[in-house]
Each structure stands twice: as structure tokens, then as C-alpha cells.
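A.B. asks: what's the 3D shape of this:
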Amino acid sequence: MFTLTISDKPVAITNADEDEARELLMSEDFKDDLKVLESEGAALWDGFATLNVRPATEEEKTEFENADFDEDEDDDDDGEEGPYIMFLVDVTDPDEGDEG
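C.D. replies: All right, here's what the predicted structure looks like:
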């Protein structure tokens, strides 16, 4: 498992192998999401802070393993889905729930 850090703060973890983790977590699409998603009222990433992918710590792995991923939704796929990405911080999407 590998963890994405922003300015050395752990932000997300994935169960992908190292190459796939780097591809997923450093992709332009994911970076765009990091600029939109918020934690504690601020964007997760400002587009300038240092992004890094490193091996997950034991504590991060435990948090990931204890997470409840809606596995009931796809029971017939024999576990063949792609890797999961889980945020290690509380995340909100300001575009969702806008009452205008």
C-alpha cells in the first residue's frame, strides 16, 4: 500500500502496487480533484505544494483495512475490481449539495 502526501501530510492511501499507485495518485485527473475537494474548508491541494507517494505506514494500512468500502454493491465481480483510494483526512466536495 502507498500513501499520497501533500507537504508531508498524509492525505490518501491506495492498495495499488507502487507503479499503479504513482500512476493513479499523480495523474492529472486526480490532481484536479485535489484542487476541488476540501478539508477543513480549504482545498486539499493548491497546485503548488509538494506531492509525494511513499510506502504506507502500519497505522495507515490498519486504517485502510478497517475501512468500510461498499463491497455489497459488487458481490458478483469476484474481487477483480481495481485498487481503492481512501482519503486519510475528512474530505468534502463543494460542488455537491450546493443549494445555489
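A.B. asks: in the chain, which spans are strands?
C.D. replies: Ranges of strands in the chain, per DSSP state E, are 2-6, 9-14, 38-39, 42-43, 51-55, 85-87.
A.B. asks: how about these in a markdown table, adding mean pLDDT and mean neighbour count?
C.D. replies: The way it works is simple: take the backbone N, C-alpha and C, and place the C-beta from them, glycine included. Converted to a markdown table, the strands of the chain look like this (pLDDT from 0 to 100; neighbours: other C-beta atoms under 10 Å):
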| stretch | mean pLDDT | mean neighbour count |
| --- | --- | --- |
| strand 2-6 | 98 | 21 |
| strand 9-14 | 97 | 20 |
| strand 38-39 | 92 | 16 |
| strand 42-43 | 90 | 11 |
| strand 51-55 | 97 | 15 |
| strand 85-87 | 95 | 16 |
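A.B. asks: which one of those strands lies closest to A67?
C.D. replies: strand 85-87 (5.5 Å; C-beta to C-beta).
A.B. asks: helices or strands up against that closest one?
C.D. replies: Judged by 3 or more C-beta pairs under 8 Å, 6 or more residues apart in numbering; DSSP states H and E, strand 85-87 is in contact with strand 9-14.
A.B. asks: in its sheet, what does the strand it packs on sit against?
C.D. replies: strand 2-6 (antiparallel), strand 85-87 (antiparallel) (DSSP bridges).
A.B. asks: Which one, of those, ends up nearest to P55?
C.D. replies: P55 lies closest to strand 2-6 among the strands paired with strand 9-14, at 6.1 Å (C-beta to C-beta).
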